[in-house]
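Peer 1: Need the 3D shape of this:
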Amino acid sequence: MELNGYRIMWLFVFFDLPTETKKDRRNASQFRGNLLKDGFSMMQYSVYIRHCASGESADVHEKRINRLVPPLGKVSVLRITDKQFGMIINYLGKAKQDADAAPTQLELF
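Peer 2: Presented below is the predicted three-dimensional model:
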């Protein structure tokens, strides 16, 4: 199978978790830590992203996120293609920045 911009996927995880109690803060911290352990990177404080080589790989990570969701709060997952990810426009203040480059992929047969 040839890798291309339409097969390679990116997962975005958006969340709004309560932090009123010590238990809430611990749950939120564990959730963020588990995302990092699963290869996600923080794009913004409550937005994490992960590069997936295929839709099947994205499926695995979506199922893992489902098991990690804390008992309270809102978690959303968005899947987009690498082609779509490449069209993101980022701004740092007024300065426009290019989208982050996709990680280098190693394809084994």
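Peer 1: Okay, strands next: where are they in this structure?
Peer 2: Listed from the start of the chain, the chain has strands (DSSP state E) covering 9-16, 41-44, 47-52, 74-81, 90-92, 95-97.
Peer 1: Rebuild those as JSON lines, extending it with mean neighbour count and mean pLDDT.
Peer 2: Using the backbone N, CA and C atoms, a C-beta is placed for each residue, glycine as well. Listed next are these as JSON lines, based on neighbours: other Cβ atoms under 10 Å; pLDDT from 0 to 100:
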{"stretch": "strand 9-16", "mean neighbour count": "19", "mean pLDDT": "97"}
{"stretch": "strand 41-44", "mean neighbour count": "12", "mean pLDDT": "95"}
{"stretch": "strand 47-52", "mean neighbour count": "19", "mean pLDDT": "96"}
{"stretch": "strand 74-81", "mean neighbour count": "14", "mean pLDDT": "96"}
{"stretch": "strand 90-92", "mean neighbour count": "9", "mean pLDDT": "86"}
{"stretch": "strand 95-97", "mean neighbour count": "9", "mean pLDDT": "76"}
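Peer 1: So what's the gap between the lengthiest helix in the chain and the chain middle?
Peer 2: In the chain, with assignment by DSSP state H, the single longest helix is helix 22-37. Helix 22-37 has its C-alpha centroid displaced from the chain centroid by 15 Å (Cα atoms, centre = their mean, to the nearest Å).
Peer 1: okay, the angle between that helix and strand 74-81?
Peer 2: Between the direction of helix 22-37 and that of strand 74-81, the angle (axes from the mean of the first three to the mean of the last three Cα atoms, to 10 degrees) works out to 10 degrees.
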